[in-house]
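A.B. asks: model this:
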Amino acid sequence: MKKLLLLTTIALVLLPSCKNGSKYSRLKGKPIPVRTIVVGTDDNSSSRTYIGEIGSEVQLPLAFSLGGKLEELNKQSGQSVKKNEVIARVDDTQAKAMLESAKAVLAQAEDGYKRVKPVYEKGGVSEIKWTEINTDLQKARSMYESSKKRYDDCTLRAALNGVVQINNVEVGQTLAPDQRLGTLLDMDRLTAQFTVPENEVGTFDIGQTVELIIPSLDIETTAKISRKDMISTHLAHTYQVYASLDDKQAMSSLLPGMVCKAKITNVDKKGIVVPSSCVVTQKRGLSVWTLKQGKAQRVYVQISEYVKNGVIVTDGIENGDTVVVQGFQKLFNGANVEILDNTPEN
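C.D. replies: Below you'll find the predicted structure:
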C-alpha cells in the first residue's frame, strides 16, 4: 500500500513537468515553412460585366393616326431617310374631298366678312349680325385646319434624319388607326442598353464611363451612362441602364440589336487587402496569422467587403504588418516559422 502511494505521488509530480517539456519542445521544434506578404493601404478596384444590346436613344414609332389603305411605301428596312422625306402614304381620296369642301366654305365665309365689314363700320349692320358673321368665319377656319391636318396625316414623313425599320406590311394592306408601320431610328444617338440587379443599380452614376465590347465586330470602345430606369421589372427586379456612345468610327459599323458586353470598373474605398483564402473563421470571429518578432500570432480582424484581390480588412492589422498567406494551417501562437520564397505555389 505504501509502495502504491509512493508511485502515485511521483506520477503527479512528473506529469506537469512532462506537459511543460512537451510545450517547450513544440516551441523550440523545427520551424514551420510559410509564405507571407507585407500589407498596406491601397485603392482597390472591382469590375463587373453585363450583357446588353445596341439601341438608339431616339426610336420613333411610324404610324398613320387615322389608318387607311396603304397606297405607297417608299422605304425598306435599313434604308436611310432625311428629315421630312416621304416614307409612305395611305389613300387620301376622302380626306382630299373634305379639304376641298372646307376650303370652299372658308372662302365663302371670308368673302362675306369682307363685304359686310365696311357696312358694319358705317353702322348699317347690327351687332348681332356682325357677331354671327365673325362666328361663321371662325368655324370655317377651324374646319379647314382640321381637314388639312386629316389630309396631311395621309402622308407619313420622317421627323428626323435616321434609318427606318419597316414591319411586315405590304402596299394595298388596310392599316388600323395608329397601327405601327415601323420605327425610325436616330443612328447618331446610339446607346448600349443592359439590365442590372436592384442591389447594384445604385453604384451607377450619370456620366460614368463604361467599356464596351461588340463581339460580332471585334470592336472595343467606351460609352457614358446617360440615364437609368427608375422602375424595375416586375419579375426579375432588374433595372435598365443606358450608356451613350460618342465614337463616330465605331458607330458607323454598329446596328441596333447587336449584342454587346458592358464592363463597369468601380474604385472602392481605400483599405488593407489580404487574400480571402488566409482569413480563417473561428468561434470568436474571423482571424489571420501574422508574424510578431519572428513568431506566429493569431489576430482577429474585421472585414468590410470583397474586392478583386481579396477582402478589405478594417480592423485588426495595420500598414506594414506581415500576414501569413500559405502554410498557416499548422501554426499556433508563438510557433517558429521559416519564411519561404513568397512566390505563390500553383
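A.B. asks: quick one, phi psi at residue 142?
C.D. replies: phi -60, psi -40 (degrees, to the nearest 10).
A.B. asks: And for residue 321, the neighbour number?
C.D. replies: 20 (other C-beta atoms under 10 Å). Where C-beta positions appear, they are placed from N, C-alpha and C, glycine not excepted.
A.B. asks: ok, now which ones touch it?
C.D. replies: Residues in contact with residue 321 (C-beta atoms under 8 Å, 6 or more residues apart in numbering) are 38, 39, 290.
A.B. asks: May I see the residues you listed organised as TSV, with secondary structure and neighbour count added?
C.D. replies: Below are these laid out as TSV (DSSP: H, G, I helix; E, B strand; the rest coil; neighbours: other C-beta atoms under 10 Å):
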residue	secondary structure	neighbour count
38	strand	11
39	coil	22
290	strand	21
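A.B. asks: possible to save those as a markdown table with distance to residue 173?
C.D. replies: Formatted as a markdown table, those follow (distance: C-beta to C-beta, whole Å):
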| residue | distance to residue 173 |
| --- | --- |
| 38 | 76 |
| 39 | 72 |
| 290 | 78 |
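A.B. asks: between those residues, which is closest to residue 243?
C.D. replies: residue 39 (35.9 Å; C-beta to C-beta).
A.B. asks: Does the closest one touch residue 317 like I think?
C.D. replies: Yes: assessed by C-beta atoms under 8 Å, residue 39 is found in contact with residue 317 at 6.2 Å.
A.B. asks: what do the two both touch?
C.D. replies: Both residue 39 and residue 317 are contacted by 272, 274, 323, under the criterion C-beta under 8 Å, 6+ apart.
A.B. asks: just for the stretch 51-200 of the chain, where's the confidence low?
C.D. replies: Across the stretch 51-200 of the chain, nothing is flagged by pLDDT under 70.
A.B. asks: Would you map the strands across it?
C.D. replies: In the stretch 51-200 of the chain, the strands defined using DSSP state E, counting those that start in this stretch lie at 59-63, 68-73, 80-81, 86-90, 155-157, 162-166, 174-175, 180-185, 190-197.
A.B. asks: helices or strands next to the third one in the packing?
C.D. replies: On a contact count with 3 or more C-beta pairs under 8 Å, 6 or more residues apart in numbering; DSSP states H and E, strand 80-81 meets strand 162-166.
A.B. asks: for the residue positioned nearest the centre of the chain, helix, strand, or coil?
C.D. replies: Nearest residue to the geometric centre of the chain (C-alpha atoms, centre = their mean): residue 241, 2.7 Å. Secondary structure, DSSP: H, G, I helix; E, B strand; the rest coil: residue 241 is strand.
A.B. asks: Who's the closest spatial neighbour of it, skipping the chain neighbours?
C.D. replies: Leaving aside its chain neighbours, residue 241 sits nearest to residue 228 (4.5 Å; criterion: C-beta to C-beta, 6 or more residues apart in numbering).
A.B. asks: How far away from the center of its chain is the helix ranked longest in the chain?
C.D. replies: For the chain, the helix reaching the highest residue count under DSSP state H is reported as helix 93-121. Helix 93-121 sits 57 Å away from the centroid of its parent chain (C-alpha atoms, centre = their mean, to the nearest Å).
A.B. asks: buried stuff in it?
C.D. replies: Along helix 93-121, these residues count as buried under the neighbour rule (16 or more other C-beta atoms under 10 Å): 95, 98, 99, 102, 105, 106, 109, 113, 116, 120.
A.B. asks: try stretch 226-235
C.D. replies: Taking 16+ other C-beta under 10 Å as the criterion, stretch 226-235 shows 226, 228, 232 as buried.
A.B. asks: How about stretch 75-83?
C.D. replies: Buried residues in stretch 75-83 (16+ other C-beta under 10 Å): 75, 81.
A.B. asks: what does the domain assignment say about this protein?
C.D. replies: 49-57+187-267, 66-91+154-186, 98-144 (automatic domain parsing).
A.B. asks: In JSON lines, list those along with distance to residue 302.
C.D. replies: Converted to JSON lines, those look like this (distance: least, C-beta to C-beta, whole Å):
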{"stretch": "domain 49-57+187-267", "distance to residue 302": "22"}
{"stretch": "domain 66-91+154-186", "distance to residue 302": "51"}
{"stretch": "domain 98-144", "distance to residue 302": "75"}
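A.B. asks: Indicate which one of the ones you listed is closest to residue 298.
C.D. replies: Across those, closest to residue 298 is domain 49-57+187-267 (C-beta to C-beta), at 31.9 Å.
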